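1. structure of the sequence below:
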Amino acid sequence: MITRLILCFALILSGQSSISQSLHSLEPIKKHYLELSKLDGTPNPSTPELNAMRYPTNARSSGKQFIGISPTYLSLSQVTLLKESMQFPSNSSAQTRAELDYLLKLEAERTDTQKKRAWVIARIGYWPPLEKTNDYSGANIEDLFWEYEQVTDREINPDAYPATTKLLAGVTRDMRIMEFTVKYHLMRPRPYHLEPRLNSMTRISNPSFASGHTLWAYIQAFTWSELIPSMRKQFLDIAYEVGESREIMGIHYPSDEEAAGVLAHKMLTAMWTNPSFLADLRAAKEEWK
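-> A predicted model of the protein is given here:
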């Protein structure tokens, strides 16, 4: 079972300053994962073949290039601590079985409208350059503002908000490093590997845990809600929708989505001890007064 206890990486690494007290707390578990997370996540000894299954990597497995490169706001030691704090329910556990049944039910009930929206969401997500740079013109730079645009229905030009662009690009760079570090550390098979009856809308070329799209969505939502606190609920609702869309597509377990929210908050907690992050956050806030 995945717990929502937030490990105090700031305390472990450098001592927690008073400014870190202003970081919003992580919201409680909600909706369907509240019940799923109560189930037993330990291995079922009667199905050892499931326990042994891992994501089948090959030369085409994606995202490995982000592992081990230098983050913007996190330290490599923080990345390691965060990586080692994450775990998923055993493949053979009662929780995983219930999650697979939930995905089968979603598949049976998903509408054309849901599928269309899921494909829209599947195409969002800024991809930063591997090297540290002041050039933020990576793939989909406009998606750094996607959540804000979804909440406000206002189109944003990143050039008009240079401090916010710098902050969100740095946070997302660290998120990509964290995403694939965790994925290839734990090697969770995708739901369709464990449940052949699942007819997923696509296949993904990297391990399942945690959900990269959802990690992206939550760390963006948490960051945006520090810039514009009055809109926190709206930003988190968008992040939840992103996670749910991955379940609708049949490519992620609900626990992948929940873990992504937890990991995103842990990351921001760790970043909060970095003076460069705090300076960039203050500069970005000035653009939204």
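
2. tell me the buried residues in the longest helix seen in the chain?
-> Scanning the chain for the longest helix, with DSSP state H as the assignment, gives helix 162-186. Across helix 162-186, burial judged by 16 or more other Cβ atoms under 10 Å covers 163-184, 186. Placement of C-beta: from N, CA and C, glycine included.

3. and stretch 229-241, by the same measure?
-> In terms of neighbour count (16+ other Cβ under 10 Å), stretch 229-241 has its buried residues at Met231, Arg232, Gln234, Phe235, Leu236, Ile238, Ala239, Tyr240, Glu241.

4. could I get that stretch in PDB with only the CA atoms?
-> Written as PDB, here are the backbone C-alpha positions of stretch 229-241 (Å, rounded to 0.1, in the frame of the first residue of the first chain):
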ATOM      1  CA  PRO A 229      -2.700  30.300  -4.400                       C
ATOM      2  CA  SER A 230      -6.400  31.300  -5.000                       C
ATOM      3  CA  MET A 231      -6.600  28.800  -7.900                       C
ATOM      4  CA  ARG A 232      -5.000  25.800  -6.200                       C
ATOM      5  CA  LYS A 233      -8.100  23.700  -6.400                       C
ATOM      6  CA  GLN A 234      -8.600  24.300 -10.100                       C
ATOM      7  CA  PHE A 235      -4.900  23.500 -10.900                       C
ATOM      8  CA  LEU A 236      -5.200  20.200  -8.900                       C
ATOM      9  CA  ASP A 237      -8.500  19.300 -10.600                       C
ATOM     10  CA  ILE A 238      -6.600  19.600 -13.900                       C
ATOM     11  CA  ALA A 239      -3.800  17.400 -12.600                       C
ATOM     12  CA  TYR A 240      -6.300  14.800 -11.500                       C
ATOM     13  CA  GLU A 241      -7.900  14.800 -14.900                       C
END
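
5. just to revisit the earlier point, among the buried residues of stretch 229-241, name the ones in helices.
-> The helices, defined by DSSP H, take in Arg232, Gln234, Phe235, Leu236, Ile238, Ala239, Tyr240, Glu241 from those.

6. what's around the residue nearest to the last one when sequence neighbours are not counted, how many residues?
-> Spelled out, that is Glu241. Leaving aside its sequence neighbours, Glu241 sits nearest to Ile121 (Cβ to Cβ, 6 or more residues apart in numbering; 7.3 Å). For Ile121, the neighbour count with other Cβ atoms under 10 Å is 21.
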